[in-house]
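Participant: I would like the atomic coordinates for the input below:
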Amino acid sequence: MKCKKCDYRLWNLRSRLCPECGLPFKPSEYTFVPSSVRYCCLHCGQDYYGTSPEGHLLPREFSCVKCHKPVNMDEMVLLPTAGIDEEQTEIERMPWLNRKKLGTLRAWFKTVGMALINPTRVIQLLPTDAKAGPAVRFAVVTNLLLAIPTIVLFMVVVVIGAGAAGGFAAGGLAIIGMMGAGFLSIVLYSYLGVWLWSLVAHGILRITGKTERGIGRTCTAIGYSSGANALTAIPICGAYVGWIWWAVSATLMVREAQKVHGFRAVLAVLAPPLLVVGAYFGVAIFFVAAAGSSGVFISPGGFGAFARRGTETTRVTGAIVRYAGEHQGRLPRHAIELVHEGYITSHDLVVPSTRTVEADVAVGSTDLENFIFLSEKERERVIEEAVAALGPKPVAHRLGDFIFIYHGADKQYQTPDLWLVCRVGDSPNHPVVAGFASGTTMAIVSNGPFRDQQNTLRKSLGLPPLPAFEPFFPKEQPESPDSVTDDGG
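Facilitator: Now for the predicted structure:
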């Protein structure tokens with residue numbers, strides 16, 4: 001038991017004032033591990049043990065069994081139970097508020113772990129008078145730490161590019177300024193974002209009913225729940241699940257903090273992000289409409305297609321390489337195996353700027369859209385159907401907007417310049433992008449010198465030549481994946 005102002009030990013004191021700083025205190029203001037503290041009668045020294053969940057006496061006022069004089073828990077002398085260290089009397093504390101003892105980094109990791117696994121426990125460990133400031137600062141620190149790898153990687157690319165161009169010395173200050181601006185924007189985004197999110201969420205809670213406490217408690221819940229956003233650090237899939245886990249954690253913590261029904265917590269927590277998303281799409285639709293009225297054409301993928309441009313082939317190429325690496329060099333018999341085993345999603349096989357839709361892409365006896373909803377056994381049956389449809393010696397097959405041309409290259413798939421896949425779209429006007437075994441991609445002319453060079457490489461590796469790609473550009477939406485075999489099929 002320590003002074004809440006100066007951290008002075010308050011054991012074995014008759015006075016209710018801290019000898020160091022003079023701050024008044026009461027034993028009832030502290031929480032102890034049950035039976036870890038003994039309360040001593042002021043008159044005769046008789047020991048009593050705090051057995052309540054808070055480690056307090058039950059009842060708090062009574063007559064001493066030894067001297068028969070009235071005693072009050074808040075007036076008694078406190079000592080740790082014999083054989084118990086002072087630290088063992090302390091109840092579990094919220095890690096971020098215990099940084100002085102744990103260290104900042106360790107406290108951050110422990111708080112993140114609780115936000116991910118047991119978010120309601122974070123709120124339960126918070127004092128009822130906990131301030132919102134530490135929670136907001138925790139969110140800022142969390143988002144900064146998660147952003148550092150991305151910003152540093154981006155700046156490394158910039159530095160390398162500047163060095164190659166011979167302009168690093170001239171652009172050095174600009175690069176440093178860009179890094180500073182990046183970190184500053186994250187600080188402002190985190191600080192203002194948590195407060196605005198909390199303001200709207202608490203407003204919805206008050207509109208829909210009563211709350212246990214004020215906006216500060218809502219803000220502490222949302223701030224500390226940002227620890228769940230640490231999942232965004234997971235490569236590839238992190239960006240898809242991190243924000244979802246944060247929202248789930250925030251919902252559970254707000255429900256516990258304000259003692260409200262689950263539906264109210266869900267509504268309050270999800271409404272602000274949905275409003276932001278709605279505003280984003282509203283602006284996007286406005287510009288699309290404005291562009292249309294001006295005679296400017298925006299592709300069906302809209303703003304999302306622009307953001308994803310150049311990344312689809314990278315994802316699919318990387319999935320093929322990872323699959324082979326994790327299957328002892330065996331490449332997928334059919335690209336649908338990549339979806340089945342979670343290397344890519346069905347959405348990755350459809351380029352937003354084309355007319356292709358998953359429901360129109362046939363896979364065995366089903367389609368790409370319904371494949372993910374099948375049972376494990378049904379998926380395996382569909383995979384076997386798709387593999388059988390390729391024939392005994394396939395050279396290439398199409399699934400969605402991609403032609404997979406890795407067949408027969410199980411032993412050569414690590415040859416850096418070998419094409420594994422090509423993104424083709426749904427008309428000859430769409431640029432063809434080749435994905436190399438090295439993991440890189442490049443826009444190519446599919447039926448020109450690039451294909452001739454690739455066929456020369458394939459011949460040296462003992463692989464059949466690639467067919468002309470025109471058959472893979474149907475004028476109408478494809479209804480089934482095309483395939484080509486090395487025997488003219």
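Participant: which residue packs closest to L116, ignoring adjacent ones?
Facilitator: A228 (5.2 Å; Cβ to Cβ, 6 or more residues apart in numbering). (C-beta placed from N, C-alpha, C; glycine too.)
Participant: Is that neighbour in contact with P119, as I believe?
Facilitator: Yes: counting by Cβ atoms under 8 Å, A228 does reach P119; the two are 7.0 Å apart.
Participant: where along this structure do the helices fall?
Facilitator: Secondary structure of the chain (DSSP state H): helices at 99-102, 104-117, 119-125, 133-164, 168-208, 215-225, 238-258, 262-293, 302-308, 312-326, 336-340, 368-371, 376-389, 449-460.
Participant: And I403, how far from G329?
Facilitator: 22 Å (Cβ to Cβ, to the nearest Å).
Participant: residue ranges with poor pLDDT in the stretch 351-489 of the chain?
Facilitator: Low-confidence segments of the stretch 351-489 of the chain, defined by pLDDT under 70: 425-430, 445-448, 468-489.
Participant: how about the strands of it, start to end?
Facilitator: For the stretch 351-489 of the chain, strands defined by DSSP state E, counting those that start in this stretch occupy the ranges 362-363, 366-367, 394-399, 402-404, 419-423, 432-436, 441-444, 483-485.
Participant: May I see the buried residues of stretch 409-421?
Facilitator: For stretch 409-421, the neighbour count (16 or more other Cβ atoms under 10 Å) marks A409, Q412, Y413, T415, L418, W419, L420, V421 as buried.
Participant: and the residue nearest to the spatial centre of the chain, what does it touch?
Facilitator: Nearest to the mean C-alpha position of the chain, by Cα atoms, centre = their mean, lies G242 at 1.6 Å. Going by Cβ atoms under 8 Å, 6 or more residues apart in numbering, G242 touches A228, N229, A230, L231, T232, A233, I234.
Participant: who wins for most neighbours among these?
Facilitator: Within the contacts of G242, most neighbours by other Cβ atoms under 10 Å means A228, with 28 neighbours.
Participant: where's that one relative to N118, distance?
Facilitator: Counting by Cβ to Cβ - A228 and N118 are separated by 11 Å.
Participant: And A362, by the same measure?
Facilitator: 45 Å.
Participant: Compare those two and say which one has the larger neighbour count.
Facilitator: The neighbour comparison of A362 against N118 (other Cβ under 10 Å) goes to A362, with 16 against 12.
Participant: So which of the contacts of G242 belong to strands?
Facilitator: Here DSSP state E is the test, and these give no hits in strands at all.
Participant: Same list, those, but as CSV with pLDDT and distance to R38 please.
Facilitator: Putting those into CSV (pLDDT from 0 to 100; distance: Cβ to Cβ, whole Å) gives the following:
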residue, pLDDT, distance to R38
A228, 88, 40
N229, 85, 44
A230, 84, 42
L231, 83, 45
T232, 79, 48
A233, 75, 47
I234, 75, 49
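Participant: which one of the residues you listed is nearest K377?
Facilitator: Within the contacts of G242, the smallest distance to K377 is 29.4 Å, found for I234 (Cβ to Cβ).
Participant: wait, what's in contact with the closest one?
Facilitator: Per Cβ under 8 Å, 6+ apart, neighbours of I234: V241, G242.
Participant: how close does the nearest residue to the residue nearest to the centre of the chain once chain neighbours are set aside sit to R106?
Facilitator: Counting by Cβ to Cβ, 6+ apart, G242 lies nearest to T232, which is 3.1 Å off, once chain neighbours are set aside. Distance of T232 to R106, computed by Cβ to Cβ: 21 Å.
Participant: Show me the shaky parts of the stretch 51-200 of the chain.
Facilitator: 91, 154-179.
Participant: these two touch, right, S198 and I222?
Facilitator: Yes: applying Cβ under 8 Å as the test, S198 and I222 come out as touching, 5.1 Å apart.
Participant: domain ranges for this protein?
Facilitator: Domains of the chain are assigned by automatic domain parsing as 1-91, 108-282, 308-485.
Participant: and of these, who's closest to R99?
Facilitator: domain 108-282 (8.3 Å).
Participant: quick one: terminal-to-terminal distance for the closest one?
Facilitator: Using Cα to Cα, to the nearest Å, the end-to-end distance of domain 108-282 comes out at 37 Å.
Participant: what does stretch 111-122 give?
Facilitator: 8 Å.
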